[in-house]
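# Need coordinates for the following:
(4 chains)
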Protein chains: 2
Amino acid sequence: MSPYDPSAFPPFAVTVDLVVLTVRQHALCALSVRRGEPPFQGRWALPGGFVRADEDLSQAAARELAEETGLHAQNGAHLEQLATYGDPQRDPRMRVVSVAHLVLAPDLPAPRAGGDARSARWAPVETLLAEGGQEAPGELPPLAFDHSRILSDGVERARSKIEYSSLATAFCPPEFTVGELRRVYEAVWGVALDPRNFHRKVTGTVGFLVPTGGTTTRQGGRPAQLFRAGGATLLNPPMLRPEV
Amino acid sequence: MSPYDPSAFPPFAVTVDLVVLTVRQHALCALSVRRGEPPFQGRWALPGGFVRADEDLSQAAARELAEETGLHAQNGAHLEQLATYGDPQRDPRMRVVSVAHLVLAPDLPAPRAGGDARSARWAPVETLLAEGGQEAPGELPPLAFDHSRILSDGVERARSKIEYSSLATAFCPPEFTVGELRRVYEAVWGVALDPRNFHRKVTGTVGFLVPTGGTTTRQGGRPAQLFRAGGATLLNPPMLRPEV
DNA sequence: GCAAAAGTGTTTGATCTACACCCATGG
DNA sequence: CCATGGGTGTAGATCAAACACTTTTGC
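Alright, predicted model coming up:
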């Protein structure tokens, strides 16, 4: 059998699933949607959907993101491919290969899913990934399909990538303070960082932050300088993540 | 339209493509195979093939690797998923989504493709990625499909991953010297490293190298200690890649 | 002996950590 | 005036770069 005989390939469905992360109230949160139909009806899952016949994978991811959250990737949010999941048993109905994407977004957007706000929500990743044990009120068992695994991989990617890239700024609004950026790192890593050393580090890395000239006191205390993300995408030297 | 209506999804073919890297004669080389049929007949391409109906993606990659090279992933070689490529135009015949995998292998194996040695070969990645310009004798235009892009992504992944993991040992035979490991880094990064500092660094990182007790003079000069890869997979602190 | 590669020691500079200290606002 | 967060200075530890030097083999 020729390896490229078009009549010989088994048919697959291809989907994109989205790990959409944001930082709210000092916690790393992910977007989840409630499934309205079997399988896993009523369970929480990652947003996603089928790739259309004429769409590239990243286009499909951006479209699903806009449809399910109103977020547009070019508007500050960051979108990248995460990994692909193709276990033959991962969907009980048919053979589905899912190309997961990772989105890092600022806190601004309120979730919406087809106009039904109750069927989409932000939840702390610790809550979504807590398996077994008693659930908090309103919490439900692990995510549908293999979405716990996908979410876990996405969180791990985000945690490691903010070490050596400027991606943490994708969690911030267009203008932000050093303290706000530090609280992003603290929320994503789940650690406390020294504010003094953090300030010196990020302001000393050329191309990371650009002062806008403005200041704000929205965090209280002495007015803080406002910054925009600079052009640099790679941090050298990297931010050091404290030992656990 | 329901997003999970089984009758509504467009059909895709799903393949795995392999970026198989090794170090030979102080150069980073990739495995390429000559295409025997259209499209791109006669051109070089990455090895790969269709995912079968009952196979996981990593199983398919391991199977293709064994079929096309005789390499077995558990035998020292490293296999990991790289990225997925799904441009609607990437294959002129039909909609194909390819899940690329990255393989790092020691130099030992001679390539074979269905018994036909002439249709598979190792070539320096610089040669395979050199686009345009005059080709050396026996060289051909860029790889088929989007395989130049895939190879380029795989090389970039390997270059960055040996910084902070012990993966460089996957390029070495089961027992190797510090100098051999250093020449792996030099070939993959295309730089010269200080042998003294390199030696101190790798032997000082706990869990990276385990001395076997043996020595060898296969590189000439004073006999060198032989090592096996230790259990550690993450290098902390990382190997520092010199500025270009 | 000489070339070649292995391995050790030492100096210097960069950088991270920890913490003392001052600054500018709101209440 | 005081609590709160923003920002600077500085001493010690740690680590990497550079390079002089010794060791052990093959020829």
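# hey, which helix is longest across chain A?
What stands out as the longest helix in chain A, according to DSSP state H, is helix A:147-164.
# The following helix or strand past it near DNA strand C anywhere?
Later in the chain than helix A:147-164, the nearest helix or strand by DSSP states H and E is helix A:178-189. No - against DNA strand C, helix A:178-189 shows no contacts by Cβ under 7 Å from any atom of the strand, the least distance being 11.8 Å. C-beta here means a position set from N, CA and C on the backbone, and glycine is covered the same way.
# Helix or strand next in line after helix A:178-189, which one?
Assigned by DSSP H and E, the successor of helix A:178-189 is helix A:195-204.
# wait, does stretch A:52-65 contact chain B?
Yes - using Cβ under 8 Å from any Cβ of the partner chain, stretch A:52-65 reaches chain B at A:52, A:53, A:54, A:55, A:56, A:57.
# The second one - nearest residue in space that isn't next to it in sequence?
Read that as residue A:53. Take residue A:53 and drop its neighbours on the chain: the residue closest to it by Cβ to Cβ, 6 or more residues apart in numbering or on different chains is residue B:10, 4.0 Å away.
# I'd like the residues of stretch A:52-65 next to chain B as TSV, with neighbour count and secondary structure appended.
Putting the residues of stretch A:52-65 next to chain B into TSV (neighbours: other Cβ atoms under 10 Å in any protein chain shown; DSSP: H, G, I helix; E, B strand; the rest coil) gives the following:
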residue	neighbour count	secondary structure
A:52	14	coil
A:53	11	coil
A:54	10	coil
A:55	20	coil
A:56	16	coil
A:57	21	helix
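# so which of those residues comes closest to residue A:224?
Ranked by distance to residue A:224 (Cβ to Cβ), the residues of stretch A:52-65 next to chain B are led by residue A:57 at 39.7 Å.
# Give me the distance between the closest one and residue B:243.
34 Å (Cβ to Cβ, to the nearest Å).
# what about the strands in chain A?
A:13-24, A:27-34, A:44-45, A:48-50, A:78-85, A:96-104, A:120-124, A:209-216, A:224-229 (DSSP state E).
# Out of those strands, which gets nearest to DNA strand C?
strand A:209-216 (7.1 Å; Cβ to the nearest atom of the strand).
# Other residues contacting stretch A:232-244?
A:159, A:162-167, A:185, A:189, A:191, A:193, A:201-202, A:205-208 (Cβ atoms under 8 Å, 6 or more residues apart in numbering or on different chains).
# What subset of those residues is buried?
By neighbour count, with 16 or more other Cβ atoms under 10 Å in any protein chain shown, the contacts of stretch A:232-244 hold A:162-167, A:185, A:189, A:193, A:201-202, A:205, A:208 as buried.
# Which of those residues sits closest to DNA strand C?
For the buried ones among the contacts of stretch A:232-244, the nearest to DNA strand C is residue A:201 (5.7 Å; Cβ to the nearest atom of the strand).
# which ones are touching residue A:225?
Residue A:225 neighbours (Cβ under 8 Å, 6+ apart): A:177, A:178, A:211, A:214, A:215.
# Walk me through the domains of chain A.
Chain A is divided into the following domains under automatic domain parsing: A:13-162, A:166-229.
# re earlier: mind putting the strands of chain A into TSV with distance to DNA strand D and mean pLDDT?
As requested, the strands of chain A are exported to TSV (distance: least, Cβ to the nearest atom of the strand, whole Å; pLDDT from 0 to 100):
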stretch	distance to DNA strand D	mean pLDDT
strand A:13-24	15	97
strand A:27-34	17	94
strand A:44-45	33	94
strand A:48-50	37	95
strand A:78-85	23	98
strand A:96-104	21	98
strand A:120-124	21	91
strand A:209-216	7	95
strand A:224-229	4	96
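# For residue A:146, find the nearest of those strands.
Short answer: strand A:78-85, nearest of those by Cβ to Cβ, at 5.8 Å.
# Pairing partners for the closest one, with directions?
strand A:96-104 (antiparallel) (DSSP bridges).
# Now stretch A:237-244: average pLDDT?
For stretch A:237-244, mean pLDDT rounds to 88.
# Do any residues in that stretch lie close to DNA strand C?
Yes - residues of stretch A:237-244 contacting DNA strand C under Cβ under 7 Å from any atom of the strand: A:237, A:240, A:242.
# Pull that stretch out as CSV, backbone CA atoms only.
Taking C-alpha atoms only, stretch A:237-244 is exported to CSV below (Å, rounded to 0.1, in the frame of the first residue of the first chain):
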residue,chain,number,x,y,z
PRO,A,237,19.0,36.9,31.6
PRO,A,238,15.7,35.2,32.4
MET,A,239,13.5,35.8,35.4
LEU,A,240,14.5,33.3,38.1
ARG,A,241,11.7,31.3,39.5
PRO,A,242,12.3,30.6,43.2
GLU,A,243,12.6,27.0,44.3
VAL,A,244,9.4,25.5,45.6
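# For it, buried residues please.
A:238, A:239.
# mind listing what the closest residue to residue A:19 other than its chain neighbours touches?
Once flanking residues are discounted, residue A:19 sits nearest to residue A:154: 3.2 Å by Cβ to Cβ, 6+ apart. Shown in contact with residue A:154 (Cβ under 8 Å, 6+ apart): A:19, A:21, A:30, A:82, A:100, A:102.
# Sounds good, over and out.
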